[in-house]
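>>> sequence first, predicted model second:
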2 protein chains.
Amino acid sequence: MTTTMVKKEISIKDALGFANALSKAMPAVAKNTTVPILTGIHVEADAECITITGSDDKTLIRVVEKGLGMAIEPVAFVVPGRMFSDIVKRLPKGEFTIHLSDTDIILKANKSSFELKTMPVEDYPLRGSTPFDISLEIEPMKLAKGFGTGFAASTDNLRPTLHAVHLSGEGNTLSFVATDAHRLSKVDVTLEEEFDPFKNILVPAQSTKEIISLLKEEKEKVTIQFNEREFRLITEKVTFSTRLIEGTYPDLNRIIPQDFKTTFDVNREEIVGALERVNIVAQESNMKCCRFQLAIEGIPSLLISATGTEVGKAKEQVFLGDMQGESFKFAISTKYLLDCFKQLSCKDVVVYGNSSVTPFVFRPKGDECVLDLILPVRLID
Amino acid sequence: MTTTMVKKEISIKDALGFANALSKAMPAVAKNTTVPILTGIHVEADAECITITGSDDKTLIRVVEKGLGMAIEPVAFVVPGRMFSDIVKRLPKGEFTIHLSDTDIILKANKSSFELKTMPVEDYPLRGSTPFDISLEIEPMKLAKGFGTGFAASTDNLRPTLHAVHLSGEGNTLSFVATDAHRLSKVDVTLEEEFDPFKNILVPAQSTKEIISLLKEEKEKVTIQFNEREFRLITEKVTFSTRLIEGTYPDLNRIIPQDFKTTFDVNREEIVGALERVNIVAQESNMKCCRFQLAIEGIPSLLISATGTEVGKAKEQVFLGDMQGESFKFAISTKYLLDCFKQLSCKDVVVYGNSSVTPFVFRPKGDECVLDLILPVRLID
């Protein structure tokens, strides 16, 4: 139908594998943008590798696949990312070819043929190799646990620095912390080797879901690198990089209380169930928090309640283990509590408190490396 | 905590079973309404049964469960449906009780307690037992196939009668038909026994998904009943009833052509794949239809294409079986074709056509009881 030069061609062995590689890079492709090239996906091939890059200019994901296909002569093209990925996803299993010409590509697979207009490959913002100050090797599970703090980051527009997960390190300990000024989540992970101390690496919290999902597939150690402007994660096949948020992160260590009058253990699944039920009644009255009463007589227990003037009342009792301290009432945002308890994946959680107006701290039992803090809501009654 | 009269109490043996029964009635509970009682769910219990009713006054679903729980003295209450169902869904497995007082119910399950305000039970629109003209027994699979035509009904506001699946019957054949004036879907099913002829039973197409999902769980024959105003489906545990749409349904038989110059067989999954791929390019240019060219030389085939001026071209070839007739070009709405092919659950579909401006008919190969019709789009080129 159309004559193309033999050399300007990519042969793909496995449409499904190619679709999977594309789908890894797609999250970085811009959805809404005034710069059309950023809606494109950049595909390069040579005799050994296929390299797929998606980027919205802030974030960049590059996937390098060996053995998935090849081109005799190195070639590169940029096409609209979503459309290309949608087509490839729906191709029948097996081989296909991509012929390149100056203004389009022709994708041929068995009885399907797609002639797609390309975008200028030289306009694509492939990020150069920035020199990085620090490069660390880390187990993927540990890094995912650290970036798990991202749920506590702010989403409002008041303080951009709080949109980040703050990364700092000293000795052989890497610290991740995120806060929205009402709650805080902190995870320390230890590496095998010591490194030069650093701080104020502000990774956008928006990226943490993407980072965690990339890490889920990894078994071997991964590399993280950063300088003043950029954070990079390198796994076997994927490079994820993102610009850092600018600014100075507040010192949060002083707001974490060190001594507590009251501590107790609670079964995580049990309190999540109780909170979710009470929250149904609270939400019907647009109440954002539940009330708590520590009961130390008999079996120590936590009474959780919400009263919706229009709808009724909900009361739940949760038995506590290892209760120490005194009985008092307090109120905490139900959303914050559920976020915190759902993020912790342990069986029991240790809760620490001093009074109804001072911060509460939550730690998975037996794991001193994880800390969540929530400020209570002032009770009026 | 609160003293209640012993007799005004429902004991539920199985929270999960009760939650499932509630979830069957919930689709009929009103979501947005100016009549608050319609957001409620009606629960009745006696020594043998628990009966749960949801209704938005047009549709009513009643679930009768034996053995799930009981009340020594018959009782009934109405509470906000969504909230009640959300709470029960999240209760721990096992028993719970519902105490009734004049203005609220108290639900107690192990360490949970919910005091919920009730709505006046006498205000709830429990539909009385209307006399029905016709009552038929039918296999659930056949009835689900008939109501499967609902996808072709109209959703615009111009002709309310076309929002219906039209039911008629003669001899021992029950006919279901739905149309939006651009396409039509028709299914005939045969019953074991003959019945008095009837027509113009206009079941709201909105209800068909609900009816089909209720039928999926049924193995034994079900009963359908109707009169001029109401349609009712009775299964072992569930009664579903809906008001009929008023008006006179158009006579559609005369628009279905009886003779065709061209017929061919096509593999359903193959054409769905090809249409979905071509549609990606068509949609990028906001094109609602694809172009088709019948090719009868060599292996008979159907060429499907779309040209998006901005994005490129897509071409697909689908081989045909049993092709008879002549080669011509036509254009059809991709959505209508995909709706039709996805609804038909057969391996091969027989397509019938006369020209690019007359209706196309689609039938599952070997099943003369199902017919889909789509009007083509006039080609301008």
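Good, I have the coordinates. Residues are numbered from 1 along each chain as shown, chains lettered A, B, ... in the order given.
>>> residues from chain A in reach of chain B?
Selection of chain A residues close to chain B by C-beta under 8 Å from any C-beta of the partner chain yields A:80, A:83, A:86-87, A:90-92, A:104, A:111-117, A:273-274, A:276-277, A:280-281, A:284, A:310-319. No exception for glycine: its C-beta is placed from N, CA and C like everyone else's.
>>> give me the buried subset of these.
Buried by 16 or more other C-beta atoms under 10 Å in any protein chain shown: A:80, A:83, A:86-87, A:90-92, A:104, A:111-116, A:273-274, A:276-277, A:280-281, A:284, A:311-319, out of the residues of chain A next to chain B.
>>> the helices in the stretch 151-300 of chain A, which residues?
A:208-216, A:268-284 (DSSP state H, counting those that start in this stretch).
>>> need the winner for burial among the ones you listed.
helix A:268-284 (a mean of 20; mean count of other C-beta atoms under 10 Å in any protein chain shown).
>>> check the offset of it from the chain's centre.
Put simply, helix A:268-284 sits 25 Å off its chain's centre (C-alpha atoms, centre = their mean, to the nearest Å).
>>> okay, and for the stretch 1-150 of chain A, where does confidence drop off?
Residue ranges of the stretch 1-150 of chain A with pLDDT under 70: A:1-7, A:129.
>>> please enumerate the strands of it.
Along the stretch 1-150 of chain A, the stretches classed as strands by DSSP state E, counting those that start in this stretch are A:9-12, A:40-45, A:49-55, A:59-66, A:69-70, A:75-80, A:96-100, A:104-109, A:112-117, A:134-138.
>>> partners of A:Ser305 in the sheet?
On the basis of DSSP bridges, A:Ser305 is bridged to A:Arg291, A:Lys315.
>>> picking that back up, need the helices of the stretch 151-300 of chain A in JSON lines with mean pLDDT, can you?
Below are these laid out as JSON lines (pLDDT from 0 to 100):
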{"stretch": "helix A:208-216", "mean pLDDT": "95"}
{"stretch": "helix A:268-284", "mean pLDDT": "95"}
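>>> what about these, which gets the closest to A:Thr334?
Closest to A:Thr334 of these is helix A:268-284 (C-beta to C-beta; 4.7 Å).
>>> by contact count, what packs against that closest one?
Applying 3 or more C-beta pairs under 8 Å, 6 or more residues apart in numbering or on different chains; DSSP states H and E, one finds that helix A:268-284 makes contact with strand A:289-295, strand A:301-308, strand A:312-319, helix A:334-343, strand A:348-353, helix B:81-89, strand B:112-117.
>>> so can I have JSON lines of the helices of the stretch 151-300 of chain A showing distance to B:Met26?
Below are these laid out as JSON lines (distance: least, C-beta to C-beta, whole Å):
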{"stretch": "helix A:208-216", "distance to B:Met26": "32"}
{"stretch": "helix A:268-284", "distance to B:Met26": "14"}
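>>> nearest to B:Ser135 among these would be which one?
helix A:268-284 (40.8 Å).
>>> can you list contacts of that closest one?
With contact meaning C-beta atoms under 8 Å, 6 or more residues apart in numbering or on different chains, helix A:268-284 is reached by A:288-290, A:302, A:304-308, A:310-318, A:334, A:337-338, A:341-342, A:344, A:346-349, B:80, B:83, B:86-87, B:90-92, B:111-112, B:114, B:116.
>>> please save the CA atoms from that helix in PDB.
The C-alpha trace of helix A:268-284 is given here as PDB (Å, rounded to 0.1, in the frame of the first residue of the first chain):
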ATOM      1  CA  ARG A 268      -6.000  -2.500  63.800                       C
ATOM      2  CA  GLU A 269      -8.800  -4.300  61.900                       C
ATOM      3  CA  GLU A 270     -11.200  -4.000  64.800                       C
ATOM      4  CA  ILE A 271     -10.800  -0.300  65.200                       C
ATOM      5  CA  VAL A 272     -11.000   0.300  61.500                       C
ATOM      6  CA  GLY A 273     -14.300  -1.600  61.400                       C
ATOM      7  CA  ALA A 274     -15.700   0.400  64.400                       C
ATOM      8  CA  LEU A 275     -14.500   3.700  62.900                       C
ATOM      9  CA  GLU A 276     -16.100   3.000  59.500                       C
ATOM     10  CA  ARG A 277     -19.400   2.100  61.100                       C
ATOM     11  CA  VAL A 278     -19.500   5.100  63.400                       C
ATOM     12  CA  ASN A 279     -18.400   7.300  60.500                       C
ATOM     13  CA  ILE A 280     -21.600   6.400  58.500                       C
ATOM     14  CA  VAL A 281     -23.700   8.100  61.200                       C
ATOM     15  CA  ALA A 282     -21.200  11.000  61.500                       C
ATOM     16  CA  GLN A 283     -21.200  11.600  57.800                       C
ATOM     17  CA  GLU A 284     -25.000  11.700  57.500                       C
END
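>>> A:Val78 touches A:Thr39, doesn't it?
No: between A:Val78 and A:Thr39 there is no contact under C-beta atoms under 8 Å: 9.7 Å.
>>> quick one, which of those two is more surrounded?
A count of neighbours by other C-beta atoms under 10 Å in any protein chain shown puts A:Val78 above the other of A:Val78 and A:Thr39, at 23 against 20.
>>> now do the same contact list for the more buried one.
Contacts of A:Val78 by C-beta under 8 Å, 6+ apart are A:Ile37, A:Gly40, A:Ile41, A:His42, A:Val43, A:Thr118, A:Met119, A:Pro120, A:Val121, A:Asp123, A:Tyr124.
>>> cutoff 6 Å now
A:Gly40, A:His42, A:Met119, A:Val121, A:Tyr124 (C-beta atoms under 6 Å, 6 or more residues apart in numbering or on different chains).
>>> which one of those residues is nearest B:Arg363?
Proximity of these to B:Arg363 was ranked by C-beta to C-beta; the top entry is A:Gly40 with 43.6 Å.
>>> residues contacting the closest one?
Counting by C-beta under 6 Å, 6+ apart, A:Gly40 touches A:Val78, A:Pro80, A:Gly81, A:Met119.
>>> what are the bridge partners for the second one, then?
Listed by DSSP bridges, the beta-bridge partners for A:Pro80 are A:Gly40.
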